[in-house]
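> need a structure here:
(chains A and B)
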Number of protein chains: 2
Amino acid sequence: MSDKQNPIVKASSSVPETVVPAGKGTKFQVLISDQEAPHFALRRFVMEPGGGMPNHTNLVEHEQYILKGAARVGIGDEVFEVKQGDVVYIPQGSPHWYEADAEQGFEFLCIVPNREDRIEIVVGC
Amino acid sequence: MSDKQNPIVKASSSVPETVVPAGKGTKFQVLISDQEAPHFALRRFVMEPGGGMPNHTNLVEHEQYILKGAARVGIGDEVFEVKQGDVVYIPQGSPHWYEADAEQGFEFLCIVPNREDRIEIVVGC
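Here you go, the predicted model:
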């Protein structure tokens, strides 16, 4: 654990991947954790072609940058087609979902504040 | 100006670039600003081949992800060789500088908290 006053330099490829249980073909890495930096955490998500995440809410907002591929992303009642180089802001509490492109897959950075979070899956009716 | 409760989706290419006066061949874009999101801002820096920034300090920490190219980055008394896919954490107040690779240039995301910042150039002796 860093004391948050030491610089950190590391390759993303050196950071362990974790499967997202609620997702489909989705893994993530915590590149800079809430233990390593004082205010926000930097994570990288990789979704296989056709993978994704069901509609859910978080207690914290997301700021995202699309690194590779493309996806359909639902936020509230809107659906967006996003691709490499796009940025996405998802307000705290907004229901959102991801459908990775069936050919390219989808890879993005997702930054969250160092605050308590809870994921709740939105059950459709 | 967003009320911070609306989703945002935009292409990075649609965001205006600003020249960094203290830098050499360096521009940046504020992809998600402190007016658009509550806790931190997402910026993208692009340095031409051979460009860079002199040694300086900020009042805020930086979390960075290297998008393209490579650079030598000095943080405090250490010098790091960084490349695409690397992550960098620069603690608040740490003197740091950048020298973009002479062939590839250097492009990175830099996330900072929504707090007062001040840049001070470190004058060598």
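> for chain A, list the residues in contact with chain B, please.
For chain A, the residues found near chain B under the criterion Cβ under 8 Å from any Cβ of the partner chain are A:2, A:4-13, A:31-32, A:36-40, A:42, A:61, A:63, A:65, A:67, A:73, A:75-76, A:78, A:80, A:82, A:85-91, A:94, A:109, A:111, A:113. No exception for glycine: its C-beta is placed from N, CA and C like everyone else's.
> mind checking which of these are in strands?
With strands taken from DSSP state E, the overlap with the residues of chain A next to chain B comprises A:8-11, A:31-32, A:40, A:42, A:63, A:65, A:67, A:73, A:75, A:78, A:80, A:82, A:86-90, A:109, A:111, A:113.
> pretty sure residue A:13 contacts residue B:84?
No: if you go by Cβ atoms under 8 Å, residue A:13 and residue B:84 don't touch, sitting 10.7 Å apart.
> drop anything exposed from the residues of chain A next to chain B.
Burial by neighbour count, judged by 16 or more other Cβ atoms under 10 Å in any protein chain shown, picks out A:4, A:7-10, A:12, A:31-32, A:36-37, A:39-40, A:42, A:61, A:63, A:65, A:67, A:73, A:75, A:80, A:82, A:85-91, A:94, A:109, A:111, A:113 from the residues of chain A next to chain B.
> can you tell me which residues contact the closest residue to residue A:29 other than its chain neighbours?
Leaving out its chain neighbours, the residue that sits closest to residue A:29 by Cβ to Cβ, 6 or more residues apart in numbering or on different chains is residue A:15, at 4.3 Å. Counting by Cβ atoms under 8 Å, 6 or more residues apart in numbering or on different chains, residue A:15 makes contact with A:29, A:30, A:31, A:44.
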